[in-house]
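*Asks:* Just to be clear, the model below is a prediction. Sequence and coordinates:
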Amino acid sequence: MRSFELLYGEGKTVDLCLSAFSYEEHGKKVITLNANNEPIISKVETYYKYLGRDLSDTIGDELLLEKAIRYNEKGFSAIFVDNAHLLSVNDVEQLFLISLIYNIRVVCYTNRVDTEGAIRCWELANIIKRVDASNGRNSDDVTFIYGAMDSCKTSSLLIKADVLERRKGKQIITIKPKLDRTEEYIKSRVGIKRKADLVIDNTKPLTIPNLKGLDTILVDEAQFLSPDIIESLTEKCKTNGIHIIFYGLKSDFRTQSFPGSKKLFLLSDQLIKLDTVCGCTNFVEFNARTVNDRYVYEGDQFVVDNGGEIAYHSLCANCYVRDVWRLPINDHKALVKRYM
Ligand SMILES: [Zn+2]
């Protein structure tokens, strides 16, 4: 199965070396790359030398999509990229397309930093995992549960609220951002709803009454909160020992992260994806917008589904690349031209 992965956390280079080794143990060929083209060397010392790998190839001398033709012909199964946060947007998009077109597994080892490479990996990855060499010593206070449209984010929030409050006797509050259309209810399309305890206005300083005794805060539509509000919310929770769970979209109809989602990618202790299925039965990765039933790739990030000419759809990567990007994925020459 196609897979374009982002791995972050402690011990990434060791994980890369061990994963590549395990592929080779099973007779499979892998490509190892480093965004800075330096040899891959971990901090783990073995038999007087550090665990590491020689690079199979370099980045920047030739389009990755062209290299991939050769990788595919020679039967490579996976590409591991160290320091992927140093990649350009163009390189990340090509790696994503390689995973899609050639069925080669691409794993990007990335620091969670605000670079174009790290953010583009976050936006396009279908699997996002923490490498955890610290054996679970990480805190799980701040959680971001993300998904495309129709992935039941709001109903998951409402069910979680009910379980925590009614069955476990926990003190919780629910929050939602103030939008033009905001009413005071958190409403799921499956029919359940609950009154929001707090509606947050991005343009005003954050105040939360009665933090004392709170166990958990649940936030709906977190992608619409400003990065500043998200930062002060998480700070308040960390200092008061409150668990906070944000629910929201990862990206907009152009596969670009919302400012709020980007902030949550950078600071959450846990990132959890909710899945849903595309019309073709693949898992959904992206949201798409139609205007008068035609897919569009231009327009403002914030336009609400108005029940009229504008509508939103959730699509798998294949359908998105074919219908929205309209990329000639079977015509290699034309595809390479687009990335020159
Ligand atoms: Zn599909």
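*Replies:* Okay, I see it. Numbers count the residues shown, from 1 in each chain.
*Asks:* Check what contacts the host helix or strand of Arg322 and list those residues.
*Replies:* According to DSSP states H and E, Arg322 maps onto helix 317-323. Residues outside helix 317-323 that contact it (CB atoms under 8 Å, 6 or more residues apart in numbering) are 2, 4, 96-97, 100, 126, 255, 278-280, 282, 285-286, 288, 295, 315, 327, 329. Backbone N, C-alpha and C define where each C-beta goes, glycine included.
*Asks:* That one and the ion, any residue contact?
*Replies:* Yes. Between helix 317-323 and the ion, judged by CB under 5 Å from the ion, the touching residues are Cys319.
*Asks:* Could you export the next helix or strand after that helix as CSV, CA atoms only?
*Replies:* Sequence-wise, the next helix or strand downstream of helix 317-323 (DSSP H and E) is helix 332-339. Extracted C-alpha coordinates of helix 332-339, given in CSV (Å, rounded to 0.1, in the frame of the first residue of the first chain):
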residue,chain,number,x,y,z
HIS,A,332,6.2,10.9,-16.9
LYS,A,333,7.7,13.5,-19.1
ALA,A,334,4.8,16.0,-18.6
LEU,A,335,5.0,15.4,-14.8
VAL,A,336,8.7,16.0,-14.6
LYS,A,337,8.2,19.2,-16.6
ARG,A,338,5.8,20.5,-14.0
TYR,A,339,8.5,20.1,-11.3
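*Asks:* Any buried residues in helix 332-339, and which?
*Replies:* 335-336 (16 or more other CB atoms under 10 Å).
*Asks:* now swap in stretch 265-273 and tell me
*Replies:* Residues of stretch 265-273 classed as buried by neighbour count (16+ other CB under 10 Å): 265-269, 271, 273.
*Asks:* Could I get those in TSV, plus columns for distance to the ion?
*Replies:* What follows is these, written out as TSV (distance: CB to the ion, whole Å):
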residue	distance to the ion
Phe265	24
Leu266	29
Leu267	31
Ser268	28
Asp269	32
Leu271	23
Lys273	17
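*Asks:* and those, which of them are in strands?
*Replies:* In this view, the buried residues of stretch 265-273 that belong to strands under DSSP state E are 271, 273.
*Asks:* Let me know the closest of the buried residues of stretch 265-273 to Lys153.
*Replies:* Nearest to Lys153 among those: Lys273, at 10.5 Å, using CB to CB.
*Asks:* hang on, the closest one packs against Thr143?
*Replies:* No. The pair Lys273 / Thr143 is not scored as a contact, 11.7 Å apart, by CB atoms under 8 Å.
*Asks:* Contact residues of this protein facing the ion?
*Replies:* Neighbours of the ion within the chain, by CB under 5 Å from the ion: 278, 280, 282, 316, 319.
*Asks:* same thing but 8 Å
*Replies:* With CB under 8 Å from the ion as the criterion, the chain meets the ion at residues 278-282, 284, 315-320.
*Asks:* Could you pick out the buried ones from these?
*Replies:* Buried members of these, scored by 16+ other CB under 10 Å, are 278, 282, 284, 315-320.
*Asks:* Good, we can wrap up now.
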